[in-house]
Every structure is written in C-alpha cells, then in structure tokens.
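Novice: What would the 3D arrangement of this be:
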Amino acid sequence: MPVLMIQFGDMTPVDKMEEDEEGRSCPLATRNPEVNEENLERAMEDYDYRDPADDGGFVETEVCGNCSYYNLTEDMMECVGDESGDTGYCQKLKFVCSANMTCDKWEAGGPMKADVMNMAREAF
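Specialist: Model prediction:
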C-alpha cells in the first residue's frame, strides 16, 4: 500500500505538467517560454540566480550542475531539449537553467539522475 508523506516547511513544489505531441508529459516551464521566463525572472530577483564569475564570495563547487535540485534525468533532458548536460531543469524554482550558473537555493547532493528517480518510482 502506498504511503502519503506530508512535509511542512521548505520543500520542492510540484510541477504543473503539459503533454507534448508524442504524449510525453513535461513540466509546463519546459514547454511554455513565457512560464519559463517568469520563473527565471523570479529566480534572479528572489534567489540571485547568476553567473558565479560575478560573485566575489562564490564557492566554485556550488553550481547548478551539481545542485540537488538540478534535474538531468533522461526524461527531463527530452523535455528540455538539450542532452549535453549543460542545460537542465531546476526542480525547486521551476525553470530551465544552465549547469554553470548558481543561486542562493543551491544545495549539495545533485544532480538528479535517472537511477535515483527510478529508485523513487520503484518505492511506490
């Protein structure tokens, strides 16, 4: 029987999904440039999404590409349309982001990859 866990506090919001022509379900921000732009602007204004070269106190290892919210799963790379790994999806702030940028929401433990996501799916 599946277990429903409810968490209060700072947690990752659920994505609004949209289906593409092939029937693949992707976050709305990967399909709608206006939504992505709104979320990107919010990330810049509220969480200082930026080029780390512009930050004097920047720690070189703290970039989006190794953040726990940076989604590089195979499914997400199809949604984003860039399989190089240079562009991924921020699960926390809901926008397509660059692996080489950083923000104030950065957290160790990433990126999200297919093997981790598959283990979570198998748990249910």
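
Novice: my guess is Met77 contacts Asp86, does it?
Specialist: No. The pair Met77 / Asp86 is not scored as a contact, 10.7 Å apart, by CB atoms under 8 Å. (Glycine included, C-beta is placed from N, CA and C.)

Novice: Of these two, which one has the most company?
Specialist: For Met77 versus Asp86, the count of surrounding residues by other CB atoms under 10 Å is larger for Met77: 18 against 10.

Novice: Relative to Tyr47, how far out is the more buried one?
Specialist: Taking CB to CB, to the nearest Å as the measure, Met77 falls 23 Å from Tyr47.

Novice: now swap in Asp104 and tell me
Specialist: 5 Å.

Novice: Tell me which of the two has more neighbours.
Specialist: Between Asp104 and Tyr47, counting by other CB under 10 Å, Tyr47 is the more crowded of the two (16 against 10).

Novice: Was I right to think that one contacts Lys105?
Specialist: Yes. Contact criterion CB under 8 Å: Tyr47 and Lys105 qualify, at 4.9 Å.

Novice: any residues in contact with both of these two?
Specialist: Common neighbours of Tyr47 and Lys105 (criterion: CB atoms under 8 Å, 6 or more residues apart in numbering): Leu93.

Novice: Phi, psi for the nearest residue to Leu72 once chain neighbours are set aside please.
Specialist: Nearest residue to Leu72, sequence neighbours excluded (CB to CB, 6 or more residues apart in numbering): Pro111, at 4.4 Å. Main-chain dihedrals, Pro111, degrees, to the nearest 10: phi -80, psi 170.

Novice: likewise Gly88?
Specialist: phi -140, psi -160.

Novice: Pull the contacting residues for it.
Specialist: Cys64, Gly65, Tyr70, Asn71, Leu72, Met76, Met77, Val80, Val96, Cys97, Ala99, Pro111.

Novice: List the contacts of the most centrally placed residue in the chain.
Specialist: Centroid check for the chain by CA atoms, centre = their mean gives Cys90 as the closest residue, at 1.7 Å. Cys90 sits next to Ala43, Cys64, Cys67, Tyr69, Tyr70, Asn71, Val96, Cys97 when contact means CB under 8 Å, 6+ apart.

Novice: Select only the buried ones of these in ChimeraX?
Specialist: Filtering the contacts of Cys90 down to the buried ones (16 or more other CB atoms under 10 Å) takes a single ChimeraX command:
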select :43,64,67,69,70,71,96,97
